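> sequence? don't have it. structure:
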Ligand code: AMP
């Protein structure tokens, strides 16, 4: 199954993707995680995108499309994938259509108030990228990742100024993809407001997945 996870920052796309891969057995491909890993490794890509991510802006389409095209060509993505955070612009969606045919686009709906509440309290693992929250979804041990024991930190782009920028970028460049995919008959809406367990159930029901 080839899926796109769409929705505002903070809608829980990453959290749900981690759970959903266990259910449908396809890789979770997050462009944000790929960029953050490149920054942590201080690779050439990482050095060129760090300031962009820190400011909450978008990496250019050409770089992002090339990266996803290469990732989707690998063996593990042939039977399917969950694309989390890509496409984020109409040109990215058009490029994707040229090299892969997606089955469904899941749009995670969340009000602005909830987006701000969630992003403000998010803590991310430096090592594996897993997300936690200071109010909902606390880690078992303060500051430590439940999955891999890595250190939890506040992403630079989860700071107030960057959050405002990310929301503006989302509204202007990414939200138009909702209509784009609706017109293609691929859009499935899932309410991202409830708990992660409930959102996972809604997701499975909307795709008619058992288990
Ligand atoms: P995310 O973890 O999906 O919120 O992504 C974090 C940051 O990575 C974004 O704010 C952008 O700077 C960059 N990024 C991730 N995906 C894309 C994309 N498809 N196009 C451009 N920039 C992206």
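That came through, no problem. Quantities reported herein were computed from a predicted structural model and do not represent experimental measurements.

> Name the helix or strand of the protein that has the lowest mean pLDDT.
helix 112-120 (a mean of 85; mean pLDDT, DSSP states H and E).

> residues in contact with that helix?
8-12, 110, 133, 135-136, 158, 160, 163, 166-167, 192-193 (Cβ atoms under 8 Å, 6 or more residues apart in numbering). C-betas here are computed from N, CA, C, even on glycine.

> helices or strands up against the helix or strand following that helix?
For helix 112-120, the succeeding helix or strand toward the C-terminus, using DSSP states H and E, is strand 122-125. Contacts defined by 3 or more Cβ pairs under 8 Å, 6 or more residues apart in numbering; DSSP states H and E place strand 122-125 against strand 131-133, strand 152-153.

> Tell me which of those sits most buried.
strand 131-133 (a mean of 21; mean count of other Cβ atoms under 10 Å).

> ok, how many other residues are close to residue 65?
The local packing of residue 65 (other Cβ atoms under 10 Å) involves 21 other residues.

> how about the nearest residue to it, chain neighbours excluded?
Among residues not flanking residue 65 along the chain, residue 95 sits closest, at 4.5 Å (Cβ to Cβ, 6 or more residues apart in numbering).

> hang on, the earlier thing: mean pLDDT and distance to the ligand for the helices and strands packed on strand 122-125 - can I get that in a markdown table?
Below are the helices and strands packed on strand 122-125 laid out as a markdown table (pLDDT from 0 to 100; distance: least, Cβ to the nearest ligand atom, whole Å):
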| stretch | mean pLDDT | distance to the ligand |
| --- | --- | --- |
| strand 131-133 | 90 | 9 |
| strand 152-153 | 96 | 14 |
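
> Just tell me which of those strands ends up closest to residue 90.
Using Cβ to Cβ as the measure, strand 131-133 is the one of the helices and strands packed on strand 122-125 that comes nearest residue 90, at 27.3 Å.

> got the helices and strands packed on strand 122-125 as JSON lines, with distance to residue 174 columns?
As requested, the helices and strands packed on strand 122-125 are arranged in JSON lines below (distance: least, Cβ to Cβ, whole Å):
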{"stretch": "strand 131-133", "distance to residue 174": "19"}
{"stretch": "strand 152-153", "distance to residue 174": "25"}
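
> Ok, which of those strands comes nearest residue 206?
strand 131-133 (22.1 Å).

> Which of the helices or strands spans the residue of the chain found nearest the ligand?
Per Cβ to the nearest ligand atom, residue 32 is where the chain lies closest to the ligand, at 2.1 Å. With elements taken from DSSP H and E, the one containing residue 32 is helix 31-41.

> which other residues reach that helix?
So helix 31-41 is in contact with 14, 45-47, 49-50, 53, 59, 64, 67-68, 71, 83-86, 88, 126, 129, 155, going by Cβ under 8 Å, 6+ apart.

> Also near the ligand: which of those, exactly?
Applying Cβ under 6 Å from any ligand atom to the contacts of helix 31-41, one finds that 53, 59, 64, 85-86, 88 fall near the ligand.

> Report the two of the residues you listed separated the most.
Pairwise distances across these peak at 14.2 Å for 53 and 86 (criterion: Cβ to Cβ).

> related to what we said a few turns ago, helices or strands next to the helix or strand just after the helix holding residue 32 in the packing?
Toward the C-terminus, helix 31-41 is succeeded by helix 44-55 as the next helix or strand (DSSP H and E). Helix 44-55 sits against helix 31-41, helix 61-72, helix 160-169, with contacts defined as 3+ Cβ pairs under 8 Å, 6+ apart.
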